[in-house]
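[1] Here is a sequence together with a model predicted from it:
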Amino acid sequence: MIILAHDGSIYGDWVARYALQFAASEADRKLLLLHVLDGNIKPDIVEARFARFTKDCQEAGVECSPHLLPLGKTVHRSLHQAIPRDPEALLVCGTRVKPNKRSFLSGSVAEKLLRSHQCPVLALRVVQPGLLGNPHDLLIPLAGHLSGFARVWPVFRRLALHLNTVHLFRALAINPLLQTHLTPTRKQVLHNIGRAHLAQICAELKELMPLQPFRLDQRIAFTTDWPHEILTLSSRLKVQMILLGVSERSLAHRIFHGVGLEKVLRETPCDIGIYRGP
């Protein structure tokens, strides 16, 4: 099942296109649509949006169950109580810049949902609404987690059928203070580690999806600035979406991780999904 946390705005409609595409690929073809009546958007406007979206779902053969939730202590708390605990489900929500150019993710409802452990979560920033939630070229930066491709699989399998190219990117982070002391031998060792990691990911992906409808591209780069590297590569490859994973550590340690994540969200040339896997 797909669960969509909709804020009632036009931007929420853009995010909803992804949820609809995902639900159309599910075996049960069900979508749970949630909105908290927090007073930011009039209920009649939300109801009109939901009526249109429900009609779109019906035309796609998706069963949509809309729910307007009363505001509890917070929007997040209200959503948290309504979201079923289901490791096979996927929760989709939006993230966008707040007033006065504040952060996209830090302190937002989306961040709180990413911290929850009820089900896998995908927080989207949509900059190309014309894609209608159906990107064909995908960039997946990888950080070398031991859990491998399992972290991204709940999101990836719902995108995979419409993909043309998947770029797997392993950024090998180098401390700027040590960059000049990195010998060719050490660089080769690090490169081999990165290559082995990508080979492992490709093997896992082949096992999960033997008949791959897309082309796999593998890339490795040394960098002292991983956000800049991701943004540069996504522009050069003209990808339509970036999938970037977060962990409890990267959500908590904002001095290093959070600043980079916000930079990618702010400057991305394409849609971006921040995911938290099982």
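    Alright, I've got the coordinates. None of these values were measured; they are calculated from a predicted model.
[2] roughly how far apart are Asp56 and Arg85?
    From Asp56 across to Arg85, the span is 28 Å (Cβ to Cβ, to the nearest Å). In this view, the C-beta of every residue, glycine as well, is placed from N, C-alpha and C.
[3] More neighbours: which of the two?
    Asp56 (14 against 9; other Cβ atoms under 10 Å).
[4] Let me know the helix or strand that that one is in.
    Using DSSP states H and E, Asp56 maps to helix 43-59.
[5] For that helix, list every residue counted as buried.
    Val46, Arg49, Phe50, Phe53, Thr54, Cys57 (16 or more other Cβ atoms under 10 Å).
[6] Tell me which strands the helix or strand that comes right after it pairs with, and in which orientation.
    Using DSSP H and E, the helix or strand that follows helix 43-59 towards the C-terminus is strand 63-70. Using DSSP bridges, strand 63-70 pairs in its sheet with strand 30-37 (parallel).
[7] How far away from the center of its chain is the partner strand?
    Remark: strand 30-37 is offset 19 Å from the chain centroid, using Cα atoms, centre = their mean, to the nearest Å.
[8] Switch the buried residues of helix 43-59 over to TSV; also include distance to Lys187 and pLDDT.
    As requested, those are arranged in TSV below (distance: Cβ to Cβ, whole Å; pLDDT from 0 to 100):
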residue	distance to Lys187	pLDDT
Val46	55	94
Arg49	53	94
Phe50	54	95
Phe53	51	96
Thr54	55	96
Cys57	51	97
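[9] which residues of the stretch 1-150 of the chain fall in helices?
    10-24, 43-59, 75-82, 109-115 (DSSP state H, counting those that start in this stretch).
[10] Using JSON lines, lay out these together with distance to Leu68.
    Listed next are those as JSON lines, based on distance: least, Cβ to Cβ, whole Å:
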{"stretch": "helix 10-24", "distance to Leu68": "13"}
{"stretch": "helix 43-59", "distance to Leu68": "7"}
{"stretch": "helix 75-82", "distance to Leu68": "10"}
{"stretch": "helix 109-115", "distance to Leu68": "16"}
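[11] so which of the ones you listed comes closest to Leu233?
    helix 10-24 (22.3 Å; Cβ to Cβ).
[12] what does that closest one contact?
    With contacts defined as Cβ atoms under 8 Å, 6 or more residues apart in numbering, helix 10-24 is touched by 1-2, 4, 6, 29-31, 33, 49, 53, 56-57, 60-62, 64, 90, 92-94, 96, 122, 124, 126, 129, 131-134, 158-159, 162, 273.
[13] Now do it, average pLDDT.
    Computed over helix 10-24, the mean pLDDT rounds to 96.
[14] Next, the buried residues of it.
    Of the residues in helix 10-24, 11-24 count as buried by neighbour count, 16+ other Cβ under 10 Å.
[15] Now do it against helix 43-59, angle only.
    Put simply, helix 10-24 runs at 30 degrees to helix 43-59, going by axes from the mean of the first three to the mean of the last three Cα atoms, to 10 degrees.
[16] export helix 10-24 as PDB, just CAs?
    Output of helix 10-24 as PDB, limited to C-alpha atoms (Å, rounded to 0.1, in the frame of the first residue of the first chain):
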ATOM      1  CA  ILE A  10      -0.800  22.800  -5.400                       C
ATOM      2  CA  TYR A  11       2.700  21.500  -4.500                       C
ATOM      3  CA  GLY A  12       1.100  18.600  -2.700                       C
ATOM      4  CA  ASP A  13      -0.600  17.800  -6.000                       C
ATOM      5  CA  TRP A  14       2.800  17.500  -7.700                       C
ATOM      6  CA  VAL A  15       4.000  15.100  -5.000                       C
ATOM      7  CA  ALA A  16       0.700  13.200  -5.300                       C
ATOM      8  CA  ARG A  17       1.600  12.200  -8.900                       C
ATOM      9  CA  TYR A  18       4.500  10.100  -7.600                       C
ATOM     10  CA  ALA A  19       2.200   8.400  -5.100                       C
ATOM     11  CA  LEU A  20      -0.300   7.700  -7.800                       C
ATOM     12  CA  GLN A  21       2.400   6.200 -10.100                       C
ATOM     13  CA  PHE A  22       3.600   4.000  -7.200                       C
ATOM     14  CA  ALA A  23       0.100   2.800  -6.200                       C
ATOM     15  CA  ALA A  24      -0.600   1.900  -9.900                       C
END
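[17] Check the offset of that helix from the chain's centre.
    Distance of helix 10-24 from its chain centroid, counting by Cα atoms, centre = their mean, is 13 Å.
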